[in-house]
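Enquirer: need a 3D model of the following:
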Amino acid sequence: MNSSSVDAVVIGSGIIGAMSAHYLLEDGRSVLIIERGEVARGASSGNAGILAFPEIIPIAAPGMMWKAPKWLLDPLGPLSLPPSYALNMVPWLWRLWRASARPAYERTVGVHARMMPMARSEMLRTVERTGLRAMVKQTGTLDLYDSEASLNAAADDWQAKRKAGFEFQRVGRGEIDSLQPGLAPQFRHGIFTPSGLQVSDPLEFTQALFSNAMSRGASLRIGEVIRIEPVNDGARVILADGAIFEAKTVVLAGGAWSKKIVTGLGDHAPLETERGYNTTLPQGAFPLHRQLYFNDHGFVVTPLSTGIRVGGAVELGGLKLAPNYKRSEAMLKKAKSFLPDLKTEGGRQWMGFRPSMPDCLPVIGPSSATPAIVYAFGHGHLGLTQSAATGRLVADIAARRKPALDIEPYSISRFR
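Expert: Next up is the predicted model:
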């Protein structure tokens, strides 16, 4: 057994961990990043690459639970729950239902609305300071609906986004054809958000941010963290191979693998995994101009530097079940019917674990065990989007200064 002392440890090399390391380095801290597998190869590698700052509407919304049974009965629908995992999900679904009540929903919308402007400004500041600005593109976002009725049904959501300061315009078929030629005739109703941003490729972006941190003095240790313990003036990190690191600050940004460590610290985190699926088609598969949201079907199609990504939907299946790539195939089949000229050959399938809290808010803040341990996990679909704001808050908390944003809504204590 060997032991070392370091200044700050960040557990996890995904986008949240990489951003946390960046902001700690900006504060003049030395940083050790501990990663259980390959750098940036978790959920950060397979998301759609969209910086979804206008997405302040949570999954837990009024009326959602009336739709859920229909979705859950369709194994390839936008939300599925394998029967073998259903019992495990009962407590999480109960909390999700409670979070969908009108007062809780409106509170969550307000929390996201306050976070997103900071998330955007901090992201743009970070990419300028790290030389990664060329990896962020303003393509605009096109949200598509199957009918005027389904668009009208989302009117309250769009009104909430406008109230939060996001600008967009309703578009008809002529404008849709101009914004994205080649869509099936059924799409005659949509919303265009000109300010929509995305990264060129989420894996490459996270790896570039990680490499920047390494060039500024951060170090990497591959190993599985099994426990964190409070010690005088800091915390102790224990790895499965027996290595021990003591640090003044420990940031837990382990994504879907954070739950066990949190439990060991005496906190309760009802963290579950939304298993996300996608297929990335080769470049040239379709002349895609911008991000397309197929809102009535729960998936997106995004142009990346590495190809065309078709992904989304939610499978509540934990960390151990085998992937069900029929979900990827179903989305790809739908994408082909919506984009008739899409070439679907030669795609790469992927499944990853989105770390999701039932109230659709991440956990950001100190552990109840000691302020030397800072939590930063559970961002669900918004990890990339909220990563820079999270990194800023992590550094503020670690420095014991007033955070740039009220962190009370993100506290682990809300689950007591």
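Enquirer: residue 194 contacts residue 142, correct?
Expert: No. Counting by C-beta atoms under 8 Å, residue 194 stays clear of residue 142, with 10.2 Å between them. Just so you know, the C-beta spots here come from the backbone N, C-alpha and C atoms, and that holds for glycine as well.
Enquirer: quick one, which of those two is more surrounded?
Expert: residue 142 (24 against 13; other C-beta atoms under 10 Å).
Enquirer: so that one, which state does it fall into?
Expert: strand (DSSP: H, G, I helix; E, B strand; the rest coil).
Enquirer: which ones are touching the nearest residue to residue 202 once chain neighbours are set aside?
Expert: If the residues on either side of it in the chain are set aside, residue 202 comes closest to residue 49, at 4.6 Å by C-beta to C-beta, 6 or more residues apart in numbering. By C-beta atoms under 8 Å, 6 or more residues apart in numbering, the contact set of residue 49 is 198, 199, 200, 201, 202, 205, 302, 304, 309, 384.
Enquirer: hey, where'd the helices end up in this structure?
Expert: Ranges of helices within the chain are 15-26, 43-46, 64-72, 86-99, 102-130, 148-153, 155-163, 173-179, 202-215, 259-264, 326-338, 383-398, based on DSSP state H.
Enquirer: could you tell me the least trusted of those helices?
Expert: Of all the helices of the chain, helix 64-72 carries the lowest average pLDDT, namely a mean of 68.
Enquirer: so residue 311 makes contact with residue 299?
Expert: Yes. Between residue 311 and residue 299 a contact is recorded at 6.3 Å, counting by C-beta under 8 Å.
Enquirer: could you list the domains of the chain?
Expert: Using automatic domain parsing, the domain parsing of the chain gives 1-55+101-133+197-267+358-416, 56-86+134-196+271-356.
Enquirer: for these, give me a markdown table that also has distance to residue 93.
Expert: Below are those laid out as a markdown table (distance: least, C-beta to C-beta, whole Å):
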| stretch | distance to residue 93 |
| --- | --- |
| domain 1-55+101-133+197-267+358-416 | 8 |
| domain 56-86+134-196+271-356 | 8 |
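Enquirer: highest average neighbour count across those?
Expert: domain 1-55+101-133+197-267+358-416 (a mean of 20; mean count of other C-beta atoms under 10 Å).
Enquirer: quick one: that domain to chain centroid distance?
Expert: 12 Å (C-alpha atoms, centre = their mean, to the nearest Å).
Enquirer: out of everything not next to it in sequence, what's closest to residue 289?
Expert: Closest to residue 289 by C-beta to C-beta, 6+ apart is residue 180, at 5.3 Å.
Enquirer: let me fix that: residue 402
Expert: With C-beta to C-beta, 6+ apart, the residue lying closest to residue 402 is residue 396, at 7.0 Å.
Enquirer: ok, now residue 278?
Expert: Nearest non-adjacent residue to residue 278 (C-beta to C-beta, 6+ apart): residue 311, at 2.6 Å.
Enquirer: beta-bridge partners for that neighbour, please?
Expert: residue 278, residue 300 (DSSP bridges).
Enquirer: can you check the pLDDT for it?
Expert: 93.
Enquirer: indicate which one of the domains of the chain is closest to residue 95.
Expert: domain 1-55+101-133+197-267+358-416 (3.5 Å; C-beta to C-beta).
Enquirer: next up, the contacts around the residue nearest to residue 278.
Expert: Contacts of residue 311 (C-beta under 8 Å, 6+ apart): 46-48, 276-279, 299-300, 302, 328, 331, 350.
Enquirer: which one of those residues is nearest residue 115?
Expert: Distances from residue 115 to the contacts of residue 311, taken by C-beta to C-beta, are shortest for residue 47, at 17.8 Å.
Enquirer: that closest one reaches residue 383, doesn't it?
Expert: Yes. If you go by C-beta under 8 Å, residue 47 and residue 383 touch, sitting 7.1 Å apart.
Enquirer: what do those two both touch?
Expert: Overlap of the contact sets of residue 47 and residue 383 (by C-beta under 8 Å, 6+ apart) is empty.
Enquirer: circling back to that earlier point, and the residue nearest to residue 278, how far is that from residue 195?
Expert: In this view, residue 311 and residue 195 are 22 Å apart by C-beta to C-beta, to the nearest Å.
Enquirer: what's the answer for residue 130, then?
Expert: For residue 130, the distance to residue 195 - C-beta to C-beta - is 22 Å.
Enquirer: just residue 382 next, same as before
Expert: For residue 382, the distance to residue 195 - C-beta to C-beta - is 17 Å.
Enquirer: what residues are up against residue 405?
Expert: Counting by C-beta under 8 Å, 6+ apart, residue 405 touches 114, 115, 118, 389, 393.
Enquirer: how about the last one, what does it touch?
Expert: Read that as residue 393. 364, 376, 403, 404, 405, 407, 410.
Enquirer: can I get those in JSON lines including distance to residue 98 and pLDDT?
Expert: Converted to JSON lines, the contacts of residue 393 look like this (distance: C-beta to C-beta, whole Å; pLDDT from 0 to 100):
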{"residue": "364", "distance to residue 98": "21", "pLDDT": "98"}
{"residue": "376", "distance to residue 98": "24", "pLDDT": "98"}
{"residue": "403", "distance to residue 98": "27", "pLDDT": "98"}
{"residue": "404", "distance to residue 98": "29", "pLDDT": "96"}
{"residue": "405", "distance to residue 98": "24", "pLDDT": "97"}
{"residue": "407", "distance to residue 98": "22", "pLDDT": "98"}
{"residue": "410", "distance to residue 98": "18", "pLDDT": "98"}
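Enquirer: from the residues you listed, which is closest to residue 226?
Expert: residue 376 (19.0 Å).
Enquirer: how much space is there between residue 337 and residue 107?
Expert: 39 Å.
Enquirer: surely residue 283 and residue 309 touch.
Expert: No. Residue 283 is beyond contact range of residue 309, at 11.3 Å (criterion: C-beta under 8 Å).
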